[in-house]
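Asker: A predicted structure for the sequence below; I have some questions about it.
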Amino acid sequence: MQITPRVFSGMQPTGSLHLGNYLGAMVNWIELQKTHACIYCVVDLHAITVWQDPDELRRSIRQVTAAYIAAGLDPRKNVLFNQSQVSAHAELGWIFNCVARLGWLNRMTQFKEKAGKDREQASVGLYAYPNLMAADILAYRATHVPVGEDQKQHLELARDIAQKFNNDFKGSIVAQGIADGVFFPQPEPVITGPATRVMSLRDGTKKMSKSDPSDLSRINLSDDADTVARKVQKAKTDTEPLPSETAGLEGRPEADNLVGIYAALAHIGKQQVLRDHGGQQFSQFKRSLVEVAVAKLGPIAAESERLMADPAEIDRVLADGAERARAIARPVMEKVKDIVGLIRS
Ligand code: AQP
């Protein structure tokens with residue numbers, strides 16, 4: 001079984017996707033589909049690590065799928081599906097629960113942030129989340145994982161799990177005919193682009209997030225032009241005009257964030273943004289930012305809405321993607337079971 005280049009990534013259907021998801025990860029997904037075999041998943045099993053209203057969850061799964069397609073992911077070229085339709089994720093996730101060490105999970109900062117002070121009340125699933133994420137990637141023996149900066153630590157854990165599995169079962173892997181003893185690849189994070197960490201519009205020190213209680217903190221891919229304009233106009237800033245050099249953004253997280261968003265949406269560098277807008281007051285710069293944001297996001301919101309009008313078609317896309325995903329994961333899981341020593345029919 002040769003390891004071939006393959007891309008895997010996913011987003012949680014915990015609400016509408018936002019500008020951070022788009023600029024941090026999805027723009028790279030769209031590029032990679034031109035050159036690679038790509039699997040893009042709606043990771044619904046991850047979403048339920050915190051309680052989700054069942055009707056809302058069903059709607060979000062379809063809404064995220066619609067956003068994927070509307071943003072430019074081709075469901076014929078790529079494999080698009082929701083995680084829970086392919087049992088390999090949960091099966092391999094369990095095996096990785098038995099490979100990963102407690103000490104490794106204890107270091108995960110995202111668990112600490114999401115569990116908050118009342119850690120005893122967090123679900124076991126939230127704690128084991130990174131093991132399931134490793135399974136998502138490795139069930140397809142994926143080699144490249146385009147994600148935002150916040151997923152770097154989870155990716156490192158996936159690499160550690162792959163390596164430990166290969167070491168723990170080296171003899172068995174070789175006995176299965178894989179001479180070099182490397183069954184799982186070391187998945188490479190692809191964390192590139194001008195906006196790998198988009199910050200909240202209300203607080204430039206906090207990541208833009210679906211679960212932030214304030215909708216004003218983020219621009220959703222489903223927001224209409226008026227909503228985008230209102231959110232940008234209300235975005236927190238400081239009182240100084242924009243600097244003319246990037247060095248002048250230091251210690252000004254909100255200004256830095258808005259300039260970074262503009263740069264990413266307009267496909268130019270921050271330096272260029274400051275050459276064009278340096279010296280302006282925020283009120284003026286924000287008007288230009290609204291223009292580029294609406295030009296980029298307006299068509300995505302409109303196309304998502306059109307797709308959401310036909311949920312049966314979205315379900316059909318997901319079912320088709322799931323079938324193709326199962327076909328890739330099946331031989332991998334058969335080998336995993338043979339390697340571990342599980343008897344299968
Ligand atoms: N603010 C961000 N900037 C850049 N990239 C981001 N990503 C998320 N937020 C930002 C990237 O988007 C992908 C999908 O993320 P996810 O849906 O799996 O969950 P998340 O990272 O936990 O995102 P949220 O919005 O904060 O969701 P909730 O609030 O539900 O936890 C990932 O590649 C992520 O890096």
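Answerer: All right, it came through fine.
Asker: what ranges do the helices span in the stretch 101-250 of the chain?
Answerer: With helices called from DSSP state H, counting those that start in this stretch, the stretch 101-250 of the chain shows them at 102-106, 109-115, 124-138, 152-168, 170-175, 225-234.
Asker: so what's the nearest residue to residue 109 once chain neighbours are set aside up against?
Answerer: Excluding the flanking residues, the one nearest residue 109 by CB to CB, 6 or more residues apart in numbering is residue 153, at 6.2 Å. (Glycine included, C-beta is placed from N, CA and C.) In this structure, residue 153 makes contact with 107-110, judged by CB atoms under 8 Å, 6 or more residues apart in numbering.
Asker: Tell me which of the helices of the stretch 101-250 of the chain sits most buried.
Answerer: When the helices of the stretch 101-250 of the chain are scored by mean count of other CB atoms under 10 Å, the highest mean neighbour count falls to helix 124-138 (a mean of 22).
Asker: returning to what we had before: from the contacts of residue 153, which is closest to the ligand?
Answerer: Nearest to the ligand out of these is residue 110 (CB to the nearest ligand atom; 7.0 Å).
Asker: didn't that closest one look like it was pressed against residue 154?
Answerer: Yes: counting by CB atoms under 8 Å, residue 110 does reach residue 154; the two are 7.0 Å apart.
Asker: tell me which parts of the stretch 151-300 of the chain are close to the ligand?
Answerer: Selection of the stretch 151-300 of the chain residues close to the ligand by CB under 6 Å from any ligand atom yields 151, 196-198, 207-211.
Asker: ok, 5 Å please
Answerer: Selection of the stretch 151-300 of the chain residues close to the ligand by CB under 5 Å from any ligand atom yields 151, 197-198, 207-211.
Asker: now, which of those residues sits nearest residue 303?
Answerer: The shortest gap between residue 303 and any of these belongs to residue 210, at 20.1 Å (CB to CB).
Asker: before we move on, back to that, and the contacts of residue 153 as TSV, adding distance to the ligand and pLDDT?
Answerer: TSV is the format used below for the contacts of residue 153 (distance: CB to the nearest ligand atom, whole Å; pLDDT from 0 to 100):
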residue	distance to the ligand	pLDDT
107	17	97
108	12	97
109	12	96
110	7	95
